[in-house]
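> sharing a model prediction with you, sequence too.
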Amino acid sequence: MTYNLSYLRNLESESIHILREVAAEFQHPVMLYSVGKDSSVLVRLALKAFYPGKPPFPLMHVDTGYKFPEMYTFRDAFCKSIDIRLIIERNEPWIAKGCHPLKDGVDSCCSRLKTGALLDAIRKHNFNAAIGGARREEEKSRAKERVFSIRDAHGQWDPKNQRPELWSLYNTCLSEGESVRVFPLSNWTELDIWQYIKLESIPVVPIYFAKERKVIRRNGILIPIYAGATLDDQVSEDETELISCRFRSLGCIPCTGAVESKATTIDDIIEEVAAARKSERENRIIDLTGDASMEQKKKEGYF
Amino acid sequence: MESTKSLLRIVTTGSVDDGKSTLMGRLLYETRSIFEDQFESIRKTSQRRGQSEVDLSLLLDGLAAEREQAITIDVAYRYFETSERKFILADCPGHVQYTRNMVTGASNADCAIVLIDARNGMVTQSRRHAFILSLLQIRHIIVVINKMDLMDYSQSVFDHIKDDYLDFSEKLEIPDLTFIPVSALNGDNVTRLSSEMPWYSGPTLLQHLESIRVQSEHNRVDFRFPVQCVIRPNLDFRGFAGRIASGTIRPGEEIAVLPSGRTSIVKTIETYDGPLQEAFAPQSILITLEDEIDVSRGCMIVRRKNLPHVGHRLEATICWMDDIPLQPGKPYLLKHTTNTVKAFVSEIVYRFDVDTLHRKPASTLELNDIGKVEIQTTLPIFFDPYKLNPSTGSFILIDQLTNKTIGAGLIRGETTTLEDVTSNENSSQRKSPNILPAKLNIPMETRETRNGHRAAVLWFTGLSGSGKSTLGRALETALYERGCQTMLLDGDQLRQGLCGDLGFSIADRSENIRRAGEVAKLFYTSGHITICTFISPIAKDRDFVRSLFPSDGFHEFYVNCPLDVCIQRDPNQLYQNALIGNIKDFTGIASVYEPPAKPEMDLRTDVDKMDIQIENLLNYLESHFIIKS
């Protein structure tokens, strides 16, 4: 017997260790479920960590109402199949007011429907540990994020005052009012995620795969024609193109562009990601609003 | 097919302006790990700043504050892969005040890249980094001598720095040391061999990173399994979840659970993907046992015949990470494996001058100081020296008020004193540093003169029901009637108060006896004849108590009575309950009693009557000049 763990099994073991630490050290943990591929992997890791039992925490989806219809369908079927409680939270007052990124601006829409809703939900349910699927590789300010990342009573992150994190000894002590965000996928890359999805046959939302879609081009970003993608829903026919494309990361319809792609299988996606010359979040409008825009959102409490 | 690519965790260190970010940027750029949109964004920034070339270091300095100050202030993690391997790179700041970040980054690394600026050669920071890396047992160190382009790619410059480094590192433990001359700016010897340095025949940095062998270095011998949580989906299943810290395990192997010391057999190793026939570090698994024994978070499952150290007193190297200096005697939280206990630093042995490696006396450790200390924990922990097993030899210290992580510790071993190494007795047991405090306000002799007798500790050990308490009480009454200063310490009495927090595991029993011994010592010092009646089943624990006193101060009496007689007597129906399983760990039934090898007296309570026993005891005390005849 050779005692070698492949790097994927190494990452898997590290993530399972982290999830078990959360369950053992916190009274009220929750796993944030965003319906995307990282969430799918995270849920699989949680099933593994507590097998043959169930994960001792619920899933929570912070819904903006602007997710793709395929995401809602997938979410409901997926959560039913794994038999874990799913909490859905929405910032109803702002959704009712018709808050929209093209009308209110990307930053303020995000701050109300995502960050605000998330902080309200954490407070409402009294969660003190929220597990998320963020990866350090995704974005430059995330590169310095801890696995156990402390948030103050207002859910804010202080990047200059982070606890040192040594070996796999996680300091889980919290002061009154503080909570912690935990990132078991910290050391995973986009490619790792897809390779793991393949290795483990993990289901993902179908819009990750390429298909001919009707799109319009805005600032070089492909915006598929979905209800809610634009404000007036009046797009003239000569603006639209039929392009084989897929979604590389999933967010809200108005803020998530597609990328040109012919990848219709997981193997195609792995090949495409391995050769990619553009980062995963290239099509996410949320990141493009300033040089340090993600860091700013994270400080305020965004995942 | 599952990829068999291995994982290499690298830490990078260097002084400010050694060009570390540029080197890393180059490595990422040339392994195509940087995306066009990221590159485009830094190209624009470089242009805006009027730089002629794209500043690759901008890729790494992620936080806005860093971009403003143009320094790296926190550990940043980067990821890249080649066809051979996947790499996780912890990029550490080189500023002097950020030693703590370097320790953090290095704590999970297999290998280190140390950057040296060819123009400056070895500087204070290089020495500091080398020292920290060797302390953390980073076995592979790659010294990258950068900016060779600014020194005309000169071989003599390279050789000179290499010699300096080798000289310094002789004092350190670095098994694998490699030197590579590069120009990160131009890409020489980073991922492609340089044509400018024909005198260099070694590999490029990337080639070397791909070839380092690390898997074989893990500790495969000592099975250590810190239990993270108990998985209990239904009443019929109890599994213990954790990540193997070191070693391997198979179903059918005999194990022991610490701290209780209970033994069992591994029944199955479970995972979501099916049962395993063998598991090894660092796999996360679930273990089920043949027997229903008490196991919870913080316990450690080990092989019965391969045990870690169990103890309260540790010797450790500490790196201090907080603005508030270390305060000896102040209680902190110590997190070790899955165990969190209270602890305090009892002594700072010395502080390292990390620039000269000299040891200096110190009364505290300040931010970024590294020193050797002695630590005491309130409950025993199960550990190995860091050198043999980093995962069971490391701990962090947490401030109870601020909850900050304030120190990182590497365990060197149990605290040893001169007495430990010179005396054969009790060498494995923890030791009191000195027999009696040097200066008592009122000397013992003065008290003894006034009392008219000498102080002594009379320790009665034996099974429950053997007659210890009865004897002890009768003896105390007899001594009191003679006008002696007496005190009777009884097991039950201590367990109701001072030792109320303890159970009956081996470790707790051991702690119970330690406390009893310390209390007896206080009465002893105040001149009392102190009678102690404790089952005290473990010889090592009694020997520890003996070690607290001068040789004529401690007297051990074996209250010897056969088990069946004790069971018959059973004054409190304890045996009755233990025999039907209502009391676990009851001495004589499910838990062992080790009779004293050489007691001062062997008292057969099933043979001799009480008054004869008392007479014999008083004779013994007279003949040993404790009381006058």
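Okay, I see it.
> how distant is the helix or strand hosting residue B:397 from the center of its chain?
If you go by DSSP states H and E, residue B:397 is part of strand B:394-398. Centroid displacement of strand B:394-398 relative to its chain, using CA atoms, centre = their mean, to the nearest Å, is 9 Å.
> now do that strand: everything it contacts.
Applying CB atoms under 8 Å, 6 or more residues apart in numbering or on different chains, the contact partners of strand B:394-398 are A:166-167, A:169, A:171, A:173, B:107, B:316, B:318, B:332-336, B:340, B:343, B:381, B:386, B:404-411. Heads up, the C-betas are built off the backbone N, CA and C, glycines and all.
> can we see that at 6 Å?
Strand B:394-398 has contacts (CB atoms under 6 Å, 6 or more residues apart in numbering or on different chains) with A:166-167, A:169, A:171, A:173, B:332-336, B:386, B:405-409.
> next: stretch A:65-77.
A:35, A:95, A:205-207, A:228, A:252-253.
> of these, just say which sits nearest to residue B:560.
Distance to residue B:560, by CB to CB, is smallest for residue A:35 among the contacts of stretch A:65-77, at 72.8 Å.
> could you look up the SS state of that closest one?
Using DSSP: H, G, I helix; E, B strand; the rest coil, the structure places residue A:35 in coil.
> quick one, what contacts it?
A:71, A:75.
> for it, give me the pLDDT.
Residue A:35 carries a pLDDT value of 95.
> do residue B:149 as well
According to the prediction, residue B:149 has pLDDT 94.
> now do residue A:42
For residue A:42, the predicted pLDDT is 97.
> sorry, back to before: the helix or strand following the strand holding residue B:397 pairs with which strands, parallel or anti?
Next along the chain after strand B:394-398, taking DSSP H and E as the criterion, comes strand B:405-414. With DSSP bridges as the test, strand B:405-414 is paired with strand B:309-320 (antiparallel), strand B:394-398 (antiparallel).
> want to throw those strands into JSON lines with distance to residue B:518 and mean pLDDT?
Output for the strands paired with strand B:405-414, formatted as JSON lines (distance: least, CB to CB, whole Å; pLDDT from 0 to 100):
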{"stretch": "strand B:309-320", "distance to residue B:518": "12", "mean pLDDT": "92"}
{"stretch": "strand B:394-398", "distance to residue B:518": "25", "mean pLDDT": "97"}
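> okay, these, which one's buried deepest?
strand B:394-398 (a mean of 25; mean count of other CB atoms under 10 Å in any protein chain shown).
> between the strands paired with strand B:405-414, which one is nearest to residue B:484?
Here strand B:309-320 is closest among those (CB to CB), at 34.2 Å.
> got the contact list for the closest one?
For strand B:309-320, the surrounding residues in contact (CB under 6 Å, 6+ apart) are B:103, B:326, B:365, B:369-370, B:372-377, B:380, B:382-383, B:407-415, B:430.
> and stretch B:154-164, by the same measure?
B:118, B:121-122, B:145, B:151, B:179, B:181, B:199.
> before we move on, what about stretch B:182-192?
B:19, B:22-23, B:26, B:30, B:144, B:146, B:148-149, B:180, B:194, B:196, B:204-206.
> one more: stretch B:575-591?
Counting by CB under 6 Å, 6+ apart, B:463, B:504, B:535, B:537, B:563, B:567, B:570, B:593 sit against stretch B:575-591.
> over to stretch A:179-195?
Outside stretch A:179-195, the residues that touch it by CB under 6 Å, 6+ apart are A:11, A:15, A:18-19, A:22, A:37-38, A:41, A:128-137, A:147-151, A:269-270, A:273-274, A:280, B:79, B:88.
> make a PyMOL selection of whichever of those turn out to be buried.
The buried residues among the contacts of stretch A:179-195 can be selected in PyMOL (16 or more other CB atoms under 10 Å in any protein chain shown) with this line:
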select buried, (chain A and resi 11+15+18+19+22+37+38+41+128+129+130+131+132+133+134+135+136+137+147+148+149+150+151+269+270+273+280) or (chain B and resi 79+88)
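> taking the contacts of stretch A:179-195 one by one, which sit in helices?
A:11, A:15, A:18-19, A:22, A:37-38, A:41, A:269-270, A:273-274 (DSSP state H).
> make a markdown table out of these and add distance to chain B.
Listed next are those as a markdown table, based on distance: CB to the nearest CB, whole Å:
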| residue | distance to chain B |
| --- | --- |
| A:11 | 8 |
| A:15 | 8 |
| A:18 | 10 |
| A:19 | 9 |
| A:22 | 10 |
| A:37 | 17 |
| A:38 | 15 |
| A:41 | 13 |
| A:269 | 15 |
| A:270 | 10 |
| A:273 | 11 |
| A:274 | 9 |
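> give me every residue in chain A lying close to chain B.
A:3-4, A:6-7, A:10, A:13, A:16-17, A:20, A:23-24, A:48, A:51-53, A:136-137, A:140-141, A:143-144, A:159, A:163-164, A:166-167, A:169, A:171, A:173, A:175, A:187, A:189, A:199, A:277-279, A:282, A:292, A:295 (CB under 6 Å from any CB of the partner chain).
> residue B:54 - how many residues pack around it?
Here the count is done by other CB atoms under 10 Å in any protein chain shown, and residue B:54 has 18 residues near it.
> circling back to that earlier point, report the buried members of the contacts of strand B:394-398.
Buried positions within the contacts of strand B:394-398, assessed by neighbour count (16+ other CB under 10 Å), are A:166-167, A:169, A:171, A:173, B:332-336, B:386, B:405-409.
> out of those residues, who's nearest residue B:617?
residue B:334 (44.3 Å).
> what is that closest one paired to in the beta sheet?
According to DSSP bridges, beta-bridge pairing links residue B:334 with residue B:341, residue B:397.
> what's the separation between it and residue B:300?
Residue B:334 sits 15 Å away from residue B:300, going by CB to CB, to the nearest Å.
> do the same with residue B:154
Using CB to CB, residue B:154 is found at 55 Å from residue B:300.
> quick one, which of the two is more surrounded?
residue B:300 (26 against 14).
> now do the contacts for the more buried one.
With CB under 6 Å, 6+ apart, residue B:300 has these contacts: B:226, B:258, B:382.
> can you pull out the low-pLDDT segments for the stretch 401-550 of chain B?
The stretch 401-550 of chain B contains residues with pLDDT under 70 at B:417-439.
> now residue B:260: which helix or strand?
Going by DSSP H and E, residue B:260 is not in any helix or strand.
> kindly report the same for residue B:483.
Under the criterion of DSSP H and E, residue B:483 resides outside all helices and strands.
> count the neighbours of the nearest residue to it once chain neighbours are set aside for me.
Using CB to CB, 6 or more residues apart in numbering or on different chains and skipping the chain neighbours, the partner closest in space to residue B:483 is residue B:452 (6.9 Å). Residues lying near residue B:452 (other CB under 10 Å) number 12.
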